[in-house]
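> all I have is the shape, not the residue letters:
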RNA sequence: GACCCGUUCGUCUAGCGGUUAGGACACCGCCCUUUCACGGCGGUAACACGGGUUCGAUUCCCGUACGGGUCGCCA
């Protein structure tokens, strides 16, 4: 028995084994990203699902960094993963900076552990060195059965499967060695092997991952068996596709988690939206507190079909959350975002005025970058939108009406929303028309645009002097 | 090319043999309103196709088509 001389491995298997036989051992899920670029939205969603599953079962969520490919890994990518997960509120119970005794949680620091398991495999006759000096795993002669909690069960013959591979050049299948490489000639280990070893060592009980890993799973099951451990439960979740229906790539809108951070999305909103891709509460709820999602999160609520990412709906959900935050929080969020843009235009205005303007914008905003569109309507004194200006110019009564409105606004003593309303009422009375008649023209003149924030509060925030000078200049500009 | 997986409005989805096929985003219309919105109400819009099974299929089975994934000394 290989395991007799390796008590630590044996005990970790037993621990996991007891989970599978239904005793009370803890559920342990993991997110195991490779730090080769940025945190992908699909990866974040995988992390989220693992986190939800662990939380639902009162278990633990583990973060493991799969950095065995030294050539492609970067420090920045590691940071992006941490930042993205923390931003989403996906706290890990074990992982980098939080070792529970099963670490380290960077694979690049676990070579000794892999060597131990490789020795066991070699002793058992399941691994050998090939002509090139790399170590290969001898795949089982018997087909392996993969029981996926979402995709169902099927049996695959690894020898047959692996004996050919597709050559894109010649567009045909060529002969191949079904025994896959688990260690390079330079001594570094490869994904399939380290992934399985660590799932054993880290006592992972449930593997929830993207459907792109489905085809790898027979290899993993074979490895678990060869290492003498029962495999965890597998659940392959549908992929997130871009608008065009293909796999999301870095160029696609919303593909990178840091874009959400940069654009000032609310993490709760993004988390909520992501949880709705491939999972459903199976009732009509969409906007849901995370506690409710946790309570309902299980295999039965997961879908099988890939989902296209819909940025518009993500923004809508963001606006729903944005509407819930109090004004003070909104202003803070908005200011954080503004500062992050590095734009100079924010700098010129007095802080209280900016805060007041942001409060007026809040109900209109779905997505913080929209502040950029609203900003000039408050703070730019020149330039009227051409189409809007033409519309006002084309209204025969507008010129005189707006002149009257201007004179009433000029007489206001304590410039406020109420006093402005009073002035407008007085103007309407003098003209013998309803206010609605000139509101559009006033909006265009006062803000330079046909649409925007609620007009009265906007006028109040911008200030009397500024509004009057805009009216004068633009009246002249439009009516020549 | 081989092997897997999938297929309900444009998009996310509910549905698990008998429903006027429901909700949400987006879109359109109406109402509300001092403006832009919000909101309220209403509308357009889907079971990929062909065979079975069944008294009856969106639901079950088999094909076809389409979409996706995998086939590395990447993860």
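Yes, it's here. What you see is a predicted model; the values in this text were computed from it and never measured. Residues are numbered from 1 along each chain as shown, chains lettered A, B, ... in the order given.
> quick check: residues of the stretch 201-350 of chain A near RNA strand B?
Within the stretch 201-350 of chain A, the positions near RNA strand B by CB under 7 Å from any atom of the strand are A:211-216, A:238-239, A:241, A:245-247, A:276-278, A:280, A:282-284, A:286, A:301, A:303-308, A:310, A:312-313, A:316. Glycine gets a C-beta too; all of them are placed from N, C-alpha and C.
> list the ones among those residues that fall in strands.
A:241, A:307, A:308 (DSSP state E).
> and those residues as JSON lines, adding pLDDT and neighbour count?
Converted to JSON lines, these look like this (pLDDT from 0 to 100; neighbours: other CB atoms under 10 Å):
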{"residue": "A:241", "pLDDT": "94", "neighbour count": "17"}
{"residue": "A:307", "pLDDT": "96", "neighbour count": "16"}
{"residue": "A:308", "pLDDT": "95", "neighbour count": "14"}
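> got the residues of the stretch 351-480 of chain A near RNA strand B?
When proximity is defined as CB under 7 Å from any atom of the strand, the stretch 351-480 of chain A approaches RNA strand B at A:363-364, A:421, A:424, A:434-436, A:439-440, A:443, A:450-456.
> make it 6 Å
Residues of the stretch 351-480 of chain A lying near RNA strand B by CB under 6 Å from any atom of the strand: A:364, A:421, A:424, A:435-436, A:439-440, A:443, A:451-456.
> just the buried subset of these, please.
Neighbour counting by 16 or more other CB atoms under 10 Å classes A:364, A:424, A:440, A:443, A:452, A:453, A:455, A:456 among those as buried.
> for the first one, list the residues it contacts.
Remark: with contacts taken as CB atoms under 8 Å, 6 or more residues apart in numbering, residue A:364 is in contact with A:370, A:374, A:452, A:453, A:454.
> likewise the last one?
Applying CB under 8 Å, 6+ apart, one finds that residue A:456 lies in contact with A:417, A:420, A:421.
> buried sites along stretch A:297-308?
Buried residues in stretch A:297-308, defined by neighbour count with 16+ other CB under 10 Å: A:297, A:302, A:306, A:307.
> tell me the one among the residues you listed nearest to RNA strand B.
Among the buried residues of stretch A:297-308, residue A:307 lies closest to RNA strand B (CB to the nearest atom of the strand), at 3.5 Å.
> circling back: and the buried ones among the residues of the stretch 351-480 of chain A next to RNA strand B as JSON lines, adding pLDDT and secondary structure?
Below are these laid out as JSON lines (pLDDT from 0 to 100; DSSP: H, G, I helix; E, B strand; the rest coil):
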{"residue": "A:364", "pLDDT": "90", "secondary structure": "helix"}
{"residue": "A:424", "pLDDT": "95", "secondary structure": "helix"}
{"residue": "A:440", "pLDDT": "93", "secondary structure": "helix"}
{"residue": "A:443", "pLDDT": "95", "secondary structure": "helix"}
{"residue": "A:452", "pLDDT": "92", "secondary structure": "coil"}
{"residue": "A:453", "pLDDT": "94", "secondary structure": "coil"}
{"residue": "A:455", "pLDDT": "95", "secondary structure": "helix"}
{"residue": "A:456", "pLDDT": "95", "secondary structure": "helix"}
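> next, give me the two most distant ones among these.
For these, the farthest-apart pair by CB to CB is A:364 and A:424; their separation is 21.0 Å.
> OK, contacts around residue A:105?
With CB under 8 Å, 6+ apart, residue A:105 has these contacts: A:62, A:63, A:64, A:65, A:94, A:95, A:96, A:99.
> could I get those residues as CSV with distance to RNA strand B and pLDDT?
Below are the contacts of residue A:105 laid out as CSV (distance: CB to the nearest atom of the strand, whole Å; pLDDT from 0 to 100):
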residue, distance to RNA strand B, pLDDT
A:62, 15, 98
A:63, 13, 98
A:64, 9, 98
A:65, 8, 97
A:94, 18, 98
A:95, 15, 98
A:96, 15, 97
A:99, 20, 94
